[in-house]
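1. Quick one: sequence and predicted model below, then my questions.
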Amino acid sequence: MYAGTPGGSQTVTAAVALSASSPQLTIYNSASAITQALPTTGLVDGQKHMLKCMGAGGLSVTGNIDTVAATTATIAQFAGNTFVYSVALATWAKF
């Protein structure tokens, strides 16, 4: 965990605002598809957002993922990904 990371998680049924003050783990549970945007930039190097899809609708995550261009990552039901921000690259690395 990076400095200043609050612990805990949140369960949501729609997209939410993600920031350094958001819980690290966000669980999406909805029968409808959800599109979640990552913050344009991270506030600190190594900032993490862990996203997990529990709903049947699926989860699309948009942002500067693995490249500097806008990208969409799809997370299937019962799957998850961790996105870690690199200040040097100005991108979110998907794990």
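-> Perfect, thanks for sending it.

2. give me the element the nearest residue to A33 once chain neighbours are set aside is part of.
-> In space, and not counting its chain neighbours, A33 is closest to G57: 4.3 Å by Cβ to Cβ, 6 or more residues apart in numbering. Glycine gets a C-beta too; all of them are placed from N, C-alpha and C. Using DSSP states H and E, G57 is not contained in any helix or strand.

3. roughly how far is the helix or strand hosting T72 from the heart of the chain?
-> Take DSSP H and E as the rule and T72 turns out to sit in strand 71-75. Computed by Cα atoms, centre = their mean, to the nearest Å, the separation of strand 71-75 from the middle of its chain amounts to 10 Å.

4. hmm, who's touching it?
-> 51-53, 58-65, 81, 94 (Cβ atoms under 8 Å, 6 or more residues apart in numbering).

5. Please save the CA atoms from it in CSV.
-> Backbone C-alpha positions of strand 71-75 (Å, rounded to 0.1, in the frame of the first residue of the first chain) are rendered in CSV as follows:
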residue,chain,number,x,y,z
THR,A,71,-7.8,2.4,-23.5
THR,A,72,-10.6,0.1,-22.3
ALA,A,73,-10.1,-3.0,-20.2
THR,A,74,-13.0,-5.4,-19.7
ILE,A,75,-13.4,-7.3,-16.5
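
6. most residues in a single strand of this structure, which one?
-> The single longest strand within the chain, with elements called by DSSP state E, is strand 79-86.

7. thinking again about what came up before, ok, of the contacts of strand 71-75, which come out buried?
-> Buried subset of the contacts of strand 71-75 (neighbour count, 16 or more other Cβ atoms under 10 Å): L51, K52, C53, G58, L59, S60, V61, G63, N64, I65, N81, K94.

8. Cross those residues against strands and list the overlap.
-> Using DSSP E, the buried ones among the contacts of strand 71-75 in strands are L51, K52, C53, L59, S60, V61, G63, N81, K94.
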